[in-house]
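Visitor: Could you work out the structure for the sequence below:
(one chain, ligands or ions: 2)
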Amino acid sequence: MKRIIEKALLTSCLLAVLLLTACDCADREERIAEARERQGLADALVEAEPLSVGAQLYRDKTCNTCHGDDGINPLLPSYPILARQGEAYALKQMMDIKSGARASGQAAAMKPIIEGVTDEEIAILATFIAEELGGDLPVGTGNVDEESTGAKLFRAKTCTACHGKDAVSPILATYPKIAGHPAGYALQQMMDIKSGARANGMAVAGMKGVMHLVNEDEIGHLAKYIASLPR
Ligand code: HEC
Ligand code: HEC
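Guide: Ligands and ions are numbered 1, 2, ... in the order given. Next comes the predicted model:
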């Protein structure tokens, strides 16, 4: 009888220990999940440690909140796609938004953020954007129609001369890759360069001179075509 009681006690002790451990585990999982949620980090990013200095900066400086974790899914369709943008172009644009030289479109949304980033950090971010951001993930809506009005305009209105036939091989490193930008963003930028509201960088010397060749309706077609292209 004594042995049976001892056995029963031992079993319940074991059970209790097992239960406690299980609870601990569940608690821990929950705490980790909560911490991740607080930091607003995607699981994939947390598990991809260690991060490069650029990737860390991109998160620490909250760039991802507007431009997306991978630089492909911006918060709003009027925001640009950053993934795999050219380094020299990206660098110049960040400096211009910081100094206020580029204040058109929605640049004001980014100004207070980039003011808290040093010039050295901006250089690191530019390299990160060009070489790492987005990895191999596809950019562009995909349904490319080379017979569309936008495609024909892109070839006829000299756009290819500067941006390249594929819209990702600009003639100069300081010119942007435009393929895959959301149509809303592309449209706004073209209108702003045409009107002179965006006059930083090479916008005037490079592009303004040809914008009399296209009206607002045509710019709409061009924006749709640009958004479809892969980068
Ligand atoms: C609050 C939102 C917001 C944050 C945060 C933000 N940006 Fe931006 N960024 C924008 C918007 C909006 C534009 C486009 C401005 C316009 O409409 O002309 C832009 C433009 C850019 C451009 C130029 C893109 C192009 O194709 O011309 C680069 C490069 C860029 N951002 C990098 C960054 C980096 C790096 C960070 C973090 C240090 C950052 N941004 C943080 C909203 C943001
Ligand atoms: C002579 C050269 C040149 C031609 C031609 C040209 N562009 Fe541009 N484009 C530029 C430059 C340079 C910029 C960037 C301006 C800056 O430095 O801020 C730009 C910017 C843009 C942008 C904004 C990109 C971004 O990331 O913010 C779009 C969209 C664009 N061009 C589309 C077009 C289209 C469509 C055409 C044809 C109608 C065209 N461009 C013709 C040189 C050119």
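
Visitor: and residue 168, what does it touch?
Guide: With contact set as CB atoms under 8 Å, 6 or more residues apart in numbering, residue 168 has these partners: 177, 178, 179, 229, 230, 231. (C-beta placed from N, C-alpha, C; glycine too.)

Visitor: Run through the residues that contact the fifth one.
Guide: Meaning residue 230. Residue 230 sits next to 138, 139, 140, 142, 144, 168, 179, 180 when contact means CB under 8 Å, 6+ apart.

Visitor: Write out the residues of this protein neighbouring ligand 1.
Guide: 61-63, 65-67, 79-80, 82, 85, 90, 93-94, 104-107, 109-110, 113-114, 117, 125, 176 (CB under 6 Å from any ligand atom).

Visitor: Quick one: residues contacting the residue nearest the centre of the chain.
Guide: Nearest residue to the geometric centre of the chain (CA atoms, centre = their mean): residue 71, 1.7 Å. Residues near residue 71 by CB under 8 Å, 6+ apart: 81, 82, 83, 84, 129, 133, 134.

Visitor: swap in residue 199?
Guide: 104, 193, 208.

Visitor: Secondary structure element holding the nearest residue to residue 211 once chain neighbours are set aside?
Guide: Nearest non-adjacent residue to residue 211, counting by CB to CB, 6 or more residues apart in numbering: residue 194, 3.8 Å away. Assessed by DSSP states H and E, residue 194 sits inside helix 183-195.

Visitor: So what touches that helix?
Guide: 74, 76-81, 104-106, 178, 181, 197-199, 203, 207-208, 211-212, 214, 216, 219-220, 222-224, 226-227.

Visitor: what mean pLDDT would you report for it?
Guide: What helix 183-195 shows for mean pLDDT is 98.

Visitor: do stretch 155-174 as well
Guide: Per-residue scores along stretch 155-174 average to 97.

Visitor: how long is it from one end to the other?
Guide: 21 Å (CA to CA, to the nearest Å).

Visitor: tell me which residues of that stretch are tucked away?
Guide: 157, 159, 162, 163, 164, 167, 168, 170, 174 (16 or more other CB atoms under 10 Å).

Visitor: Can it be said to contact ligand 2?
Guide: Yes - using CB under 6 Å from any ligand atom, stretch 155-174 comes into contact with ligand 2 via 157, 158, 159, 161, 162, 163.

Visitor: Give the burial count for the residue nearest to residue 211, as a bare number.
Guide: When neighbours are counted by other CB atoms under 10 Å, residue 194 registers 20.

Visitor: same deal with residue 104?
Guide: Neighbour number of residue 104 under other CB under 10 Å is 19.

Visitor: Could you do residue 188 as well?
Guide: Neighbour count for residue 188, taken as other CB under 10 Å: 23.

Visitor: picking that back up, out of the residues of the chain next to ligand 1, which are inside helices?
Guide: Among the residues of the chain next to ligand 1, DSSP state H puts 63, 65-67, 90, 93-94, 107, 109-110, 113-114, 125 in helices.
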